[in-house]
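In: Predicted model, plus sequence, below.
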Amino acid sequence: MSEKDERFSQAIKEILSGGFTRTILAVFLGFLVGAIFMIGSNKEFLESLGYFFSRPGDAFAAAWNVVSAGYGALIKGAIYNADADTLEKALRPITETLRLGAPLIAAGLGIGLAFRVGLFNIGGTGQLIFGMIFATWIATRVELPFVIHTIVAMAAGILGATLLGALVGYLKARTGAHEVILTIMLNYIALSFFTFLMRDPNLLQASDSVGNPKADPPAETAMLGKLFGDAYALHWGLVISLAAVILYWWLMERSTIGFRLRMVGFNPDAAKTAGISVNRTYIIAMGLSAAFVGVAAGNQALGVDIGVSPSTHANIGFDAITVALLGGSSAPGILLAGLLFGAFKAGAPSMQVIGISPEVLGIVQGAIVLFIAAPPLIRAIFRLPKPQTTNALGAISAKLFRKGGAK
Amino acid sequence: MNLAKEEKVGFKVPLVMGSIGILVLYFFGLTGKPGEVAFELSRRQDAIQLPSLSVNAIELGLISGSLMLALAAVSTWFAAKNKKTPIWISLIYGFIGIVSLLGWLATGNSVPVEFIAGTALVLAVPIILGAMAGVMSERVGITNIAIEGQLLTGAFMAAVVSTITKNFALGIFAAMFTAALMSMILAVFAIKYLAQQIIVGVVLNVLVIGITNFLYQQWLTEDSENVNFPGTLDIVKIPFLSDIPIIGPVLFENRITVYAALVIVPLLWFVMFKTKLGLRARAVGEHPLAADTVGVNVGRTRFWWVTIGGAVAGLGGAALTIGNAGAFGREMSGGVGFIALAVMILGRWHPIYASLAALLFGFSIILRVWANQVSPGIPSDFITMVPYIVTIIAVVGFVGRSRPPKALAQPYTKG
């Protein structure tokens, strides 16, 4: 084998053992696990097992039917509805995916940022709630003109979340307390505090609420406008989340702050030696992380014309962890992962309609990240090669680009 | 201030005790609601009847506030002599604080002492068992965020298996066995694959919530009579002991899950701190290299402690369904596993202190419900918050730093 061939096979090995292949395989395995649960809980399939050895075809047919119906409904509810009578209705599912994916993307960026610094921000829920408190306050209790009201409310949401995140960073930096415990506790505190605010008519409670914890809907001036008219619920939250993706990419890959953050995540001791204040970085990182979560908070509080309630956080803070894990904490990865899990949320109702519990998507989600969390497991299942430390891939790409490049 | 620099015992504990004492003195005493409050010490069905204690609410506030300030003074004396405040002082202090709070809440009403204490204990059992699972795995150096999932697994299996087999013993066994299997996944990932333990824990939670939600909706709700109708375990009265006033009905008139917790906690303390087995486990959690050098198998020790811890958490899950609620509900653990985690830290990774902290949480749950009935004006959301705030105060080290095992979350590879 010539040197070139050897390099090429090395490069293939590197691609196979790299993150991208693993992610695709993990998603595939996740859907497979979901399919097994769908089949296992299907009545026709279980009945056909009774006479499996005389007519095995029935069992396979039943299994195929339930899986294709289930994932078919998911696609119909989340991407394109081929049965709809107008194009407008046919396209509605994909806009729902985008709408529901937007907060997951924004919050996922936040959690991903913390991961890159070596921190676990499990407090997405609490930060989201604090953001919603601030945003809802501006949106329901302050009068401002159009657009400005939205911007101020959004900024308030980001500020609220950032404050709570920075508090965690401060406590960690100052006392060494573990951020996981702090954020878990703050989640509960934030939820109780939010409920308390929504029980008091002088604070956030809606005027028409009868004792229930509920806030007024955001003022019309503060709401995020619809992107494609009233036919679709999709609103500007998506655009803001996409802007956040670009900002995140620039921040992490191009800016000095991002470099510092990554350096602390990579090796805090080395960063300290290089003159970076690790403690200050923790505060900045938790604050920034929560700021992205705050974008999701603004999205939740200002996106719909019904008032927020204790359940409006919709578990986004927690789902964001799975988004960040699946997306490998990179901007494009989180974008795609957020869209995938947004599609799960959008497609759930249409699975419900055909009698397959959409909760199966929770299993798919969990299974995907379980496989992501343990790279050696995926490698063992698919007999992938171990990650290589050679530089073959770099050498090959250098060769490819040499023609048009500087050298 | 020089004291603090030399890492001596500071004056933070007496400071906190003093401030709360002043608050109690002011709000419950000086500006408290006038009226009588009756502490009912026995129920009608009890063998020995104690008269109910009736006291003036304001006097109670004044007396307990002063006593708390006195204890704060004692604590100051200890701090001045550079000694830690003994735990029994904190316990007495807490007890007085709770009595004054109950008295203030129920002014003009009565306090059913046995009911509150008994319910607090029952509610605390899943938290206690979850915390024991946490102690067992963190003491050997494996972070266990998956307690929530283990409890949920246990709750689900206990309800379903008990209903199908009509046998509670099998249900409890299934709960412990399945939760132990789940712990094994965590252990294998952490020990063999060296995966990030917190991530694996979070992911296991997501997976278990997904699976139980799916099975609940697809299977349990459709056929609840045949698969999710276990009822609850029988209440077992321990003869003679259950006739002791106050203590009897609270401690010795319970379901087997409560007794199990009452046995497991001291047993774990004994094994952990008084036997060779426990010494090895702690060595693995503090300094795996040293443990390995003297011939302790680090991987195996970690694996079995984490696995058995999972079984204990599974029992805690069973306590949620067949030990209390009587059926499985969607995501019914509702954060108990995370509370268990907090409790473990509050209790400084010590079985008995952690259980006391769990009782605080159990008490806060029943207090919220009960306070809503006797004095509806109280913002119950704040009562909900208190234990979490206490936990934060504890982890940031304001009242004595809680120090985790040294090798926590660090994978060990033989060099």
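Out: That came in fine, so what should we check first? Note that the structure is a prediction, hence the values are computed from the model and not measured. Numbers count the residues shown, from 1 in each chain, chains lettered A, B, ... in the order given.
In: the helices in the stretch 51-200 of chain B, which residues?
Out: Counting by DSSP state H, counting those that start in this stretch, the stretch 51-200 of chain B has helices at residues B:57-80, B:87-105, B:113-139, B:147-165, B:168-191, B:197-215.
In: And the residue of the stretch 101-250 of chain A closest to chain B?
Out: Going by C-beta to the nearest C-beta, chain B is nearest to A:Phe196 of the stretch 101-250 of chain A, at 3.8 Å. (C-beta placed from N, C-alpha, C; glycine too.)
In: these two touch, right, that residue and B:Pro379?
Out: Yes. Applying C-beta atoms under 8 Å, one finds A:Phe196 in contact with B:Pro379, separated by 5.7 Å.
In: ok, those two, which is more surrounded?
Out: Taking neighbours as other C-beta atoms under 10 Å in any protein chain shown, A:Phe196 and B:Pro379 compare with A:Phe196 leading, 18 against 14.
In: is it true that that one lies in a strand?
Out: No. The assignment for A:Phe196 is helix, going by DSSP: H, G, I helix; E, B strand; the rest coil, so no strand is present there.
In: For B:Arg280, see how far away it is.
Out: Distance, A:Phe196 to B:Arg280, by C-beta to C-beta, to the nearest Å: 48 Å.
In: Likewise for A:Ala155?
Out: From A:Ala155 to B:Arg280 the distance is 56 Å (C-beta to C-beta).
In: of these two, who's got more company?
Out: A direct count of neighbours by other C-beta under 10 Å for A:Ala155 and B:Arg280 places B:Arg280 higher, at 19 against 15.
In: So that one sits against B:Val296, correct?
Out: Yes. The pair B:Arg280 / B:Val296 is scored as a contact, 5.0 Å apart, by C-beta under 8 Å.
In: Give me the helices and strands touching the longest helix anywhere in chain A, please.
Out: For chain A, the longest helix by residue count, based on DSSP state H, is helix A:87-116. On a contact count with 3 or more C-beta pairs under 8 Å, 6 or more residues apart in numbering or on different chains; DSSP states H and E, helix A:87-116 meets helix A:56-78, helix A:124-141, helix A:237-253, helix A:256-266, helix A:278-302, helix A:316-326, helix A:331-353.
In: could I get the fourth one in CSV with only the CA atoms?
Out: Think helix A:256-266. Extracted C-alpha coordinates of helix A:256-266, given in CSV (Å, rounded to 0.1, in the frame of the first residue of the first chain):
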residue,chain,number,x,y,z
THR,A,256,-11.3,36.4,22.9
ILE,A,257,-13.9,35.7,25.6
GLY,A,258,-14.8,32.5,23.9
PHE,A,259,-11.1,31.5,23.8
ARG,A,260,-10.8,32.1,27.5
LEU,A,261,-14.0,30.2,28.2
ARG,A,262,-12.8,27.2,26.2
MET,A,263,-9.4,27.3,27.7
VAL,A,264,-10.8,27.2,31.2
GLY,A,265,-13.0,24.3,30.1
PHE,A,266,-10.0,22.5,28.6
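In: Break chain B down into its domains, please.
Out: B:2-108, B:124-354 (automatic domain parsing).
In: Out of those domains, which gets the lowest mean score?
Out: Among the domains of chain B, domain B:2-108 carries the lowest mean pLDDT, a mean of 83.
In: That one near chain A at all?
Out: No. Domain B:2-108 is not in contact with chain A by C-beta under 8 Å from any C-beta of the partner chain; minimum separation 11.9 Å.
In: Distance from the chain centre to that domain, please.
Out: A distance of 21 Å separates the centroid of the chain from that of domain B:2-108, by C-alpha atoms, centre = their mean, to the nearest Å.
In: and what of stretch B:349-360?
Out: Worked out by C-alpha atoms, centre = their mean, stretch B:349-360 lies 6 Å from the chain centre.
In: what's the answer for stretch B:362-370, then?
Out: 13 Å.
In: quick one, what contacts A:Asn299?
Out: Neighbouring residues of A:Asn299 by C-beta atoms under 8 Å, 6 or more residues apart in numbering or on different chains: A:102-103, A:106, A:224, A:237, A:240-241.
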